[in-house]
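>>> Model the following, please.
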Amino acid sequence: MTDQDIFDFIVVGAGSAGAALAARLSENGRYQVLLLEAGPAKNFWSQIPIGYAKLISNPVANWLYSSEPEEGTGNRALPAPRGKLLGGSSSINGLVFVRGQARDYDQWSQLGCRGWSYADVLPAFKKLENYEGGADEFRGNDGPIRVTHPDERGELYDRLIRAAAEVGVPNPKDYNGLDQHGISMSQATISNGKRMSTAACYLEPAKNRKNLRIETEALTERLILEGKRVVGVAYNQNGKTKEARAGREVIISAGSFNSPQILEVSGIGRPDNLMSAGVKVQHELAGVGENLRDHYAPRTRWAVGKRGVTYNDKAGGVGLIWQALRYGLTRKGMMGIPAAPIRAFVKSSPHLDAPDCLLGWVPMLYEPGYKLSKQAGFTCYAHVMRPESKGSVHIKGPSTATPPAIRYNFLSAAPDVELTIAAIRMARSIMRAPAMADLDLHEIAPGQIAETDAEIEAWARAAGETTYHPVGTCKMGRDDDPMAVLNPRLQVRGLNGLRVADASIMPTLISGNTNAPSIMIGEKAAEMVLEDAA
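Next up, the predicted model:
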């Protein structure tokens with residue numbers, strides 16, 4: 001082994017959290033940092049906002065996982081895409097920027113995760129963002145991630161905002177500020193028509209630092225343990241297994257599917273899971289791979305009789321050429337918007353003090369493969385924001401090259417069923433409000449087959465998908481929680497020299513998209529690691 005194979009810190013995974021973490025750890029120049037990424041450095045489509053439609057099924061930039069078929073959701077294998085390139089899922093996602101509610105993080109603190117209350121995480125959120133609305137007590141405007149209000153306007157959005165008001169849903173100024181409740185145009189990680197991934201915002205400025213080494217197409221095979229201390233990583237690059245040593249720590253930031261996978265193939269987890277996969281037990285830890293949560297979202301589909309309102313008309317045929325030209329000249333239009341340009345955080349009951357359901361509108365209808373439908377219309381997904389249903393992620397064999405078994409267990413908790421039905425009914429109430437009447441709407445799905453609660457539940461189980469927000473599989477918690485994989489400093493319980501820092505650490509799912517919170521976790525983890533190193 002040569003000197004260049006010894007580092008202070010090794011970060012496994014260059015996604016939303018990992019890229020931010022590696023950039024911050026290398027910022028002061030004191031420490032040698034190795035960042036390992038299983039995928040390539042970049043993909044052309046990852047720079048263009050609409051590129052998510054191209055990358056959702058691209059095996060070069062996407063792990064293309066799918067869940068195990070489960071009876072509760074119609075014995076379907078649900079797609080579970082995850083980014084596999086620098087920036088991870090921040091390079092292939094729908095570009096929507098949502099922090100969640102203050103109560104999400106206060107609940108983490110109440111569960112024993114000291115240092116993770118809203119007051120604790122707010123400085124990290126402000127540190128990571130450059131918000132075009134300016135800085136105030138809730139927002140920051142000098143961080144790496146550019147957060148904007150895309151210049152997307154149109155009759156559909158105007159009518160949705162008016163229709164929401166007609167059913168009691170307000171239009172807040174900033175859903176990432178004091179109050180999330182209401183319908184708003186989506187804030188996005190887009191600037192000048194380009195995706196603001198962690199690859200672009202953290203790694204691009206840092207890549208030439210002498211103390212930061214970034215290795216792409218480097219698949220981590222296992223952690224190297226000496227007793228109860230993790231001292232390095234074995235990874236495969238160009239068909240050859242290599243080893244790198246960490247003098248201080250290894251931090252796994254591989255996401256909610258791959259972080260538990262790496263732990264388990266390294267012999268860290270529940271003994272029966274490990275032995276059934278042919279892995280020798282190195283360290284027993286019952287919670288590894290458990291507590292998987294995600295947002296389960298049935299997509300209602302609506303035909304629009306009025307022409308020229310949705311992108312099925314605006315971008316159909318020669319319209320697509322115009323959209324491409326418009327983007328090339330102005331960086332605006334269909335190619336420069338987030339996946340759901342307008343969203344509503346709604347309450348299932350007026351008696352609640354905060355929203356518990358999310359609605360998001362996509363201003364077009366897609367056919368399979370993200371091909372624009374000839375039918376003019378739009379999609380509205382509806383889901384519970386803080387689901388109680390929990391699943392798992394476990395290895396099927398001793399290699400990280402083998403996809404893990406993902407079991408969501410969606411709608412297994414009764415409150416999730418009740419709130420999913422409520423969310424769909426709320427979506428319908430907005431679509432059927434007077435302000436939408438002139439659009440000549442027709443509900444394609446679920447339509448008349450789902451009017452009673454039982455019918456809506458049956459349709460939701462048969463047709464729902466995830467919104468690609470998996471969390472919780474290496475959750476942090478109190479020392480007396482037998483299912484906590486990490487302590488609140490993100491250190492793996494019972495081992496030295498190892499932490500996890502990504503969405504897998506979340507004990508519960510936050511109220512919205514998970515990209516912004518994942519970057520925040522990277523920022524918080526860097527602070528903790530540097531504090532302990534000092």
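>>> which residues in the stretch 251-400 of the chain form helices?
Taking DSSP state H, counting those that start in this stretch to define them, one finds helices in the stretch 251-400 of the chain at 255-265, 271-276, 311-314, 318-330.
>>> Go through these and pick out the most buried.
By mean neighbour count, with neighbours taken as mean count of other Cβ atoms under 10 Å, helix 255-265 ranks first of the helices of the stretch 251-400 of the chain at a mean of 27. Bear in mind the C-beta positions are built from the backbone N, C-alpha and C, glycine included.
>>> Kindly reformat the helices of the stretch 251-400 of the chain as TSV containing distance to Leu358 and mean pLDDT.
Listed next are these as TSV, based on distance: least, Cβ to Cβ, whole Å; pLDDT from 0 to 100:
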stretch	distance to Leu358	mean pLDDT
helix 255-265	19	99
helix 271-276	33	98
helix 311-314	22	95
helix 318-330	28	92
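>>> Nearest to Ile6 among those helices would be which one?
helix 255-265 (20.5 Å; Cβ to Cβ).
>>> And for stretch 229-239, what's in contact with it?
10, 12, 36, 215, 217-225, 241-246, 249-250, 492, 495-498 (Cβ atoms under 8 Å, 6 or more residues apart in numbering).
>>> filter those to the buried ones?
For the contacts of stretch 229-239, a burial check counting by 16 or more other Cβ atoms under 10 Å picks out 10, 12, 36, 217-225, 242, 244, 246, 249-250, 492, 495, 497-498.
>>> Mark which of these are part of strands, please.
10, 12, 36, 218-225, 242, 244, 246, 249-250, 498 (DSSP state E).
>>> Now Ala423, what are its backbone angles?
phi -60, psi -40 (degrees, to the nearest 10).
>>> just the strands in the stretch 351-500 of the chain please.
357-362, 366-367, 371-372, 377-384, 391-394, 405-407, 441-445, 465-466, 498-500 (DSSP state E, counting those that start in this stretch).
>>> most neighbours per residue, which of those strands?
Comparing the strands of the stretch 351-500 of the chain by mean neighbour count (mean count of other Cβ under 10 Å), strand 498-500 comes out on top with a mean of 27.
>>> pLDDT averaged over that one, what's the number?
Mean per-residue pLDDT for strand 498-500: 99.
>>> Quick check: next helix or strand after it?
Going down the chain from strand 498-500, the next helix or strand is helix 515-533, by DSSP states H and E.
>>> Okay, buried residues for that next one please.
Those would be 515-526, 528-530, for helix 515-533 by 16+ other Cβ under 10 Å.
>>> Tell me which other helices or strands it touches.
Counting contacts by 3 or more Cβ pairs under 8 Å, 6 or more residues apart in numbering; DSSP states H and E, helix 515-533 packs against helix 16-25, helix 118-128, strand 240-252, strand 498-500.
>>> could those go into CSV alongside distance to Val98?
Shown next, in CSV, are those (distance: least, Cβ to Cβ, whole Å):
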stretch, distance to Val98
helix 16-25, 13
helix 118-128, 11
strand 240-252, 25
strand 498-500, 23
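>>> Settle this for me: Leu495 is touching Glu226, isn't it.
No: using Cβ atoms under 8 Å, Leu495 makes no contact with Glu226, being 10.8 Å away.
>>> What ranges does the stretch 51-200 of the chain have for its helices?
Using DSSP H, counting those that start in this stretch, helices in the stretch 51-200 of the chain cover 52-55, 102-110, 118-128, 155-166, 198.
>>> The first one: how far from the chain's middle?
Yep, that's helix 52-55 we're talking about. Computed by Cα atoms, centre = their mean, to the nearest Å, the chain-centroid distance of helix 52-55 equals 15 Å.
>>> again with the second one
The chain centroid and the centroid of helix 102-110 are separated by 19 Å under Cα atoms, centre = their mean.
>>> list the buried ones in it?
102-109.
>>> One more: the third one?
Of the residues in helix 118-128, 118, 120-122, 124-128 count as buried by neighbour count, 16+ other Cβ under 10 Å.
>>> any chance of the residues you listed in TSV, plus pLDDT?
Output for the buried residues of helix 118-128, formatted as TSV (pLDDT from 0 to 100):
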residue	pLDDT
Tyr118	98
Asp120	98
Val121	98
Leu122	98
Ala124	98
Phe125	98
Lys126	98
Lys127	98
Leu128	98
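>>> What is the nearest of those residues to Arg293?
Val121 (18.4 Å).
>>> Does that closest one touch Met520 like I think?
Yes: here Val121 lies in contact with Met520, judged by Cβ under 8 Å, at a distance of 5.8 Å.
>>> Quick check: neighbours shared by these two?
Between them, Val121 and Met520 share no contacting residue, judged by Cβ under 8 Å, 6+ apart.
>>> Quick check: Ala303 touching Leu441?
Yes: at 6.9 Å, Ala303 counts as touching Leu441 under the criterion of Cβ under 8 Å.
>>> and Met385, what is it in contact with?
Listed by Cβ under 8 Å, 6+ apart, the contact set of Met385 reads 295, 345, 355-358, 509-512.
>>> For it, what are phi and psi?
phi -90, psi -30.
>>> Give me the spatial nearest neighbour of it, chain neighbours excluded.
Counting by Cβ to Cβ, 6 or more residues apart in numbering, Met385 lies nearest to Ser511, which is 4.2 Å off, once chain neighbours are set aside.
>>> The one you found contacts Asp104, correct?
Yes: between Ser511 and Asp104 there is a contact under Cβ under 8 Å: 5.5 Å.
>>> can you list residues touching both of these two?
Arg386.
>>> my read: Ile262 touches Ile10, true?
No: Ile262 is beyond contact range of Ile10, at 11.8 Å (criterion: Cβ under 8 Å).
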